[in-house]
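Participant: below are the sequence and a predicted model for it; my questions follow.
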Amino acid sequence: MHVPDGFLDAPTSVATGVVAAAAVAVALRGARRELDDRTAPMAGLVATFVFAAQMITFPVGAGTSGHLMGGALAAVLVGPWTAVLCLSVVLVVQALLMADGGVTAIGTNITLIGVVTVAVGWGVFVVLRRLLPSRIALVAPAAAVAALLSVPVAALVFTGLFSVGGNAPVDMGAVATAMLGWHTVIGIGEAAITGLVVGSVVATRPDLVHGARPLLVERVLETRTVATP
Amino acid sequence: MKAPAVSTRRLFVVALVVSLLLAGVASYYASSHPDGLEHVAEQTGFIDSAEDSATSDSPLADYRTTGVDDARLSGGLAGVIGVVVMLVVSTGLFWLVRRRDPSDADADSHADSHADSHADTR
């Protein structure tokens, strides 16, 4: 969903630029709590993986394709603040090096893909973690559901931005319906990739998965309680 | 707790190799159809408002390496360069941002980071 230059007018692009800059500034402070000597290289690899995975566009029918956004994936693996920074680095490198996503649209793309998908992805994941039984095996399915929802929500936020600052007079109802429909299908791909990747890391090293850590702490405490005579 | 079955280093190497293979090899087989947003823009009539990016003359624009004619090589090289740039920039950023003072570490990871730094000194 990389927005090119020209779709949105200058005031809207400036506004999303301010939102993106503020989000990155807050995330830089928040990420400090999530990153240490072990998780910092992990976060670098997550950002690198998201960049690589975004190159794999998959067909979703009718001559249309989609690719991973990665907000929910990064948030569950390395924490939401670090995830905002991961996606921001991906989007800046893509815009400057690969001409993927506009340069004046960097703020818009960071807002949509770096902030909205991370916020929705992490929010849904945390709610599910609270509602579901405290089991490590449920981390990947919860991440997949969070990923599924993050994509159509980002599509709706784009539609909102376009209705305010779109540079072409089009039927907004048609845009909203089409954006929501296609991005729900793309969300299924997002869910599949997120579930697979989070599931693989949880299966090998659950201690490295940010979203799984509270469950591990509970598990350790339970074990100790049982072991004490 | 028992020692993890897969070392951190091994997991990181696997993640890097997977990223290189995705960007360098698998990307050639990716769909070249317009993405969801482009498709909607075509359907509803605002695709023409798109403008060329200021970086569209970049040597790696559109994930193709300028001067490399073979499509597989051109795309794969751009992907691998992108992965290397991503790894350096993002790991560098996160290494700078990370906490160094053990006193403000999260309670749950305090013991871990202490053990790690202990192991590193050997």
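Facilitator: Done, it's in.
Participant: closest approach to chain B from chain A, which residue is it?
Facilitator: Closest contact between chain A and chain B, by C-beta to the nearest C-beta, is at A:Gly44 (2.9 Å). Any C-beta I mention is one placed from the backbone N, CA and C, and that applies to glycine too.
Participant: check chain B for the residue nearest chain A and tell me.
Facilitator: Taking C-beta to the nearest C-beta, chain B has B:Thr91 as its residue nearest chain A, at 2.9 Å.
Participant: give me the phi and psi angles of the residue lying closest to that residue once chain neighbours are set aside.
Facilitator: Take B:Thr91 and drop its neighbours on the chain: the residue closest to it by C-beta to C-beta, 6 or more residues apart in numbering or on different chains is A:Gly44, 2.9 Å away. Here is the backbone geometry of A:Gly44 (degrees, to the nearest 10): phi -60, psi -40.
Participant: wait, what's in contact with A:Gly44?
Facilitator: B:Leu87, B:Ser90, B:Thr91, B:Gly92, B:Leu93, B:Phe94, B:Trp95 (C-beta atoms under 8 Å, 6 or more residues apart in numbering or on different chains).
Participant: do that again at 6 Å, thanks
Facilitator: Taking C-beta atoms under 6 Å, 6 or more residues apart in numbering or on different chains, we find A:Gly44 in contact with B:Ser90, B:Thr91, B:Phe94.
Participant: just checking, what packs against the host helix or strand of A:Gly187?
Facilitator: Under the criterion of DSSP states H and E, A:Gly187 resides in helix A:172-204. Judged by 3 or more C-beta pairs under 6 Å, 6 or more residues apart in numbering or on different chains; DSSP states H and E, helix A:172-204 is in contact with strand A:58-61, helix A:71-78, helix A:139-165, helix B:36-44.
Participant: after the second one, next one along is what?
Facilitator: Note on helix A:71-78: by DSSP H and E, the next helix or strand toward the C-terminus is helix A:80-97.
Participant: please give the element, helix or strand, for the spatially closest residue to A:Cys86 that is not a sequence neighbour.
Facilitator: Of all residues not flanking A:Cys86 in the chain, A:Ala47 sits nearest, at 3.9 Å (C-beta to C-beta, 6+ apart). For A:Ala47, the host element (DSSP H and E) is helix A:39-54.
Participant: show me how far that helix is from its chain's centre.
Facilitator: A distance of 12 Å separates the centroid of the chain from that of helix A:39-54, by C-alpha atoms, centre = their mean, to the nearest Å.
Participant: then stretch A:192-211?
Facilitator: For stretch A:192-211 - counting by C-alpha atoms, centre = their mean - the centre lies 15 Å from the chain centre.
Participant: tell me, how many residues neighbour A:Ala62?
Facilitator: Residues near A:Ala62, counting by other C-beta atoms under 10 Å in any protein chain shown, number 10.
Participant: same check, this time on B:Ser7
Facilitator: For B:Ser7, the count of nearby residues is 12 (other C-beta under 10 Å).
Participant: just the pLDDT for it.
Facilitator: On pLDDT, B:Ser7 comes in at 91.
Participant: got the phi and psi for it?
Facilitator: According to degrees, to the nearest 10, B:Ser7 has phi -70, psi 160.
Participant: what about it, distance to B:Val13?
Facilitator: Per C-beta to C-beta, to the nearest Å, B:Ser7 is found 9 Å from B:Val13.
Participant: swap in A:Val197?
Facilitator: In terms of C-beta to C-beta, A:Val197 sits 16 Å off from B:Val13.
Participant: between the two, who's got more neighbours?
Facilitator: Of the pair A:Val197 and B:Val13, A:Val197 is the one with more neighbours under other C-beta under 10 Å, namely 25 against 12.
Participant: please list all residues in contact with the more buried one.
Facilitator: Contacts for A:Val197 (C-beta under 6 Å, 6+ apart) come out as A:Leu73.
Participant: leaving out sequence neighbours, find the closest residue to A:Gly195.
Facilitator: Once flanking residues are discounted, A:Gly195 sits nearest to A:Ala144: 3.4 Å by C-beta to C-beta, 6+ apart.
Participant: surely the one you found is in contact with A:Thr194?
Facilitator: Yes: judged on C-beta atoms under 6 Å, A:Ala144 makes contact with A:Thr194 at a distance of 5.3 Å.
Participant: those two - which one has more neighbours?
Facilitator: A:Thr194 (32 against 26).
Participant: which residues does the more buried one contact?
Facilitator: Contacts of A:Thr194 were listed using C-beta under 6 Å, 6+ apart, and they are A:Ala72, A:Leu73, A:Ala143, A:Ala144, A:Ala147.
Participant: now the strand or helix carrying A:Thr117: buried residues?
Facilitator: Assigned by DSSP H and E, A:Thr117 belongs to helix A:117-131. Under the neighbour-count criterion of 16 or more other C-beta atoms under 10 Å in any protein chain shown, helix A:117-131 has A:Thr117, A:Val118, A:Ala119, A:Val120, A:Gly121, A:Trp122, A:Gly123, A:Val124, A:Phe125, A:Val126, A:Leu128, A:Arg129 buried.
Participant: how about those in JSON lines, adding pLDDT and distance to B:Leu77?
Facilitator: Below are the buried residues of helix A:117-131 laid out as JSON lines (pLDDT from 0 to 100; distance: C-beta to C-beta, whole Å):
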{"residue": "A:Thr117", "pLDDT": "98", "distance to B:Leu77": "29"}
{"residue": "A:Val118", "pLDDT": "98", "distance to B:Leu77": "30"}
{"residue": "A:Ala119", "pLDDT": "98", "distance to B:Leu77": "35"}
{"residue": "A:Val120", "pLDDT": "98", "distance to B:Leu77": "35"}
{"residue": "A:Gly121", "pLDDT": "98", "distance to B:Leu77": "32"}
{"residue": "A:Trp122", "pLDDT": "98", "distance to B:Leu77": "35"}
{"residue": "A:Gly123", "pLDDT": "98", "distance to B:Leu77": "39"}
{"residue": "A:Val124", "pLDDT": "98", "distance to B:Leu77": "38"}
{"residue": "A:Phe125", "pLDDT": "98", "distance to B:Leu77": "36"}
{"residue": "A:Val126", "pLDDT": "97", "distance to B:Leu77": "40"}
{"residue": "A:Leu128", "pLDDT": "97", "distance to B:Leu77": "41"}
{"residue": "A:Arg129", "pLDDT": "96", "distance to B:Leu77": "41"}
